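Trainee: take this sequence and fold it.
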Amino acid sequence: MENKFPKNVRQIGNVSDTPKIYVEDYVDTFLNQICDKADNKQVGAFLVGKKEETEGQECIYIFGAICMESSEDENETISQENFEKAKQEKQEYFEEGTLIGWMFCRPGVRMLIDGKIFKAHEKYFSEKNTVFILKDNAEMEEQYYCYKYKELMQIGGHYVYYEKNAAMQSYMITARKKIGVTPSEVVEDKAAKDFRNLVKERIEAQEQKKSSGLTYVASVFLVIVVLIMGVTTLNNYGKMKSVQSSLEFIRDSLLKQDGNKTQKTNGTVKAADDQKSEESIQSDQTTNDPQTEVQQEPEAQQGEESDTSSAEEEKTSEPAASTMQEMTEDIYIVEKGDTLAKISKKVYGDSGHVDAICRMNGLSDGNLIFIGQKLILP
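Mentor: Residues are numbered from 1 along each chain as shown. Okay, the predicted model is just below:
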């Protein structure tokens, strides 16, 4: 099966170069958080991802990032110890990916590739189409490079894409203390805000389509049930009419026979017939009374059974109503009808942590969440 491009993407710069670089949204947020805390120190991160051909084009997908500890040796940007440690953390958090490049932020230094950077990249990332990202937190600038033809060649633009990235969320929770990020700190990104808004609109549109389809199926099913009930009722009514006609015919025949017998017999025979008819009437009444009682008893039983079933339904509905949304110690999964205020109230008991949740997850607007999204709890 041929690989396809991600559906939810936003473009940064001119993406006409090859290969095309795709950075997952949580990774992009995490890299910005690292640079935001750089102050006057050099900071960096190792990039985790994969290279593959998508619809005939060379693509690089970056779906993980690992903090890089500063090297004690001023002459080297990446130490061998840091690189080996990054490989171990990659195996723990991003087993399906490979170390595909690195990011480096140097506050107060011009955005240029110098000998140290090139030497470090050739030593640890000498394969074709590995990635280097140079950032400047003061100027809020970034440059993307790709290693090909034995050179670090600048790429004009890249894509940021969104998907359910549970591995990166888990690593961000572990690393937030290491990089010094607190719930009250966040990197503002208007493009990210617009992108998440677009994703929310698309998901809502898909949900509306699904709900309208289910409504149509339910309506068709209801119409079929009504038709079946109508046909069954008509058939039963026809049968009842035919039985009634048969009974009337038999009754008329019996009455005629009784009339003939009465004319032929004397008064004694008439009295005997009258006595027999009275006894038969009494016997009919006595036989009818138990039937009435028998018919009433099942109705009472049905009432008791319905009461019992309704009580059982109430019992089963109580735990369903009290079921809480899926929560872990550090991650909350958004459900239908949730807002950040409701989530804050459920987790912390009040709505005063909305800003903290927004900042922890890189959200500029508390309304820009959607069903199934995993939020990191501060």
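Trainee: domain assignment for this structure?
Mentor: Residue ranges for each domain of the chain read 9-181, 331-376, as given by automatic domain parsing.
Trainee: pLDDT wise, what is Tyr26 at?
Mentor: Per-residue pLDDT puts Tyr26 at 95.
Trainee: and it, what are its phi and psi?
Mentor: The phi/psi pair for Tyr26 (degrees, to the nearest 10) reads phi -70, psi -40.
Trainee: next, count neighbours for it.
Mentor: 25 (other CB atoms under 10 Å). (Glycine included, C-beta is placed from N, CA and C.)
Trainee: spatially nearest residue to it (excluding sequence neighbours)?
Mentor: Leaving aside its sequence neighbours, Tyr26 sits nearest to Met168 (CB to CB, 6 or more residues apart in numbering; 4.3 Å).
Trainee: nearest to Ser245, out of the domains of the chain?
Mentor: domain 331-376 (58.8 Å; CB to CB).
Trainee: so how far is the closest one from its chain's centroid?
Mentor: 15 Å (CA atoms, centre = their mean, to the nearest Å).
Trainee: by mean pLDDT, show me the worst of the domains of the chain.
Mentor: domain 331-376 has the lowest average pLDDT among the domains of the chain, namely a mean of 84.
Trainee: can you redo the domains of the chain as TSV with distance to Arg251?
Mentor: Listed next are these as TSV, based on distance: least, CB to CB, whole Å:
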stretch	distance to Arg251
domain 9-181	77
domain 331-376	65
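Trainee: the helices in this structure, which residues?
Mentor: 25-36, 80-93, 115-124, 166-179, 190-264, 267-321, 340-348, 354-360 (DSSP state H).
Trainee: what's next to the third one, contact-wise?
Mentor: Helix 115-124 has contacts (CB atoms under 8 Å, 6 or more residues apart in numbering) with 75-78, 83, 99, 102, 104, 130, 132, 134, 147, 152.
Trainee: just the residues you listed: which are in strands?
Mentor: Leu99, Trp102, Phe104, Thr130, Phe132, Leu134, Tyr147, Leu152 (DSSP state E).
Trainee: can you name the residues bridging to the first one?
Mentor: Translated: Leu99. Assessed by DSSP bridges, Leu99 has beta-bridge partners Val48.
Trainee: residues in contact with it?
Mentor: With CB under 8 Å, 6+ apart, Leu99 has these contacts: Phe46, Leu47, Val48, Ala86, Lys87, Lys90, Tyr124, Phe125.
Trainee: quick one on the thing from earlier: go through the domains of the chain and name the closest to Asn235.
Mentor: Using CB to CB, the nearest of these to Asn235 is domain 331-376, at 44.4 Å.
Trainee: first-to-last residue distance for that closest one?
Mentor: Length of domain 331-376, first residue to last, CA to CA, to the nearest Å: 5 Å.
Trainee: how many neighbours does Glu93 have?
Mentor: Quick fix: residue 93 is Tyr, not Glu. Using other CB under 10 Å: Tyr93 sits among 19 other residues.
Trainee: surely it touches Asn165?
Mentor: No. With contact defined as CB atoms under 8 Å, Tyr93 does not reach Asn165; the gap is 11.0 Å.
Trainee: related to what we said a few turns ago, number of nearby residues for the residue nearest to Tyr26?
Mentor: 22.
Trainee: any idea how far it lies from Lys374?
Mentor: 10 Å (CB to CB, to the nearest Å).
Trainee: same question for Tyr93.
Mentor: For Tyr93, the distance to Lys374 - CB to CB - is 15 Å.
Trainee: still on that earlier bit, any chance of the contacts of Leu99 in TSV with neighbour count and distance to Val9 as columns?
Mentor: Shown next, in TSV, are the contacts of Leu99 (neighbours: other CB atoms under 10 Å; distance: CB to CB, whole Å):
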residue	neighbour count	distance to Val9
Phe46	24	23
Leu47	26	18
Val48	27	19
Ala86	22	27
Lys87	14	29
Lys90	19	25
Tyr124	19	29
Phe125	21	25
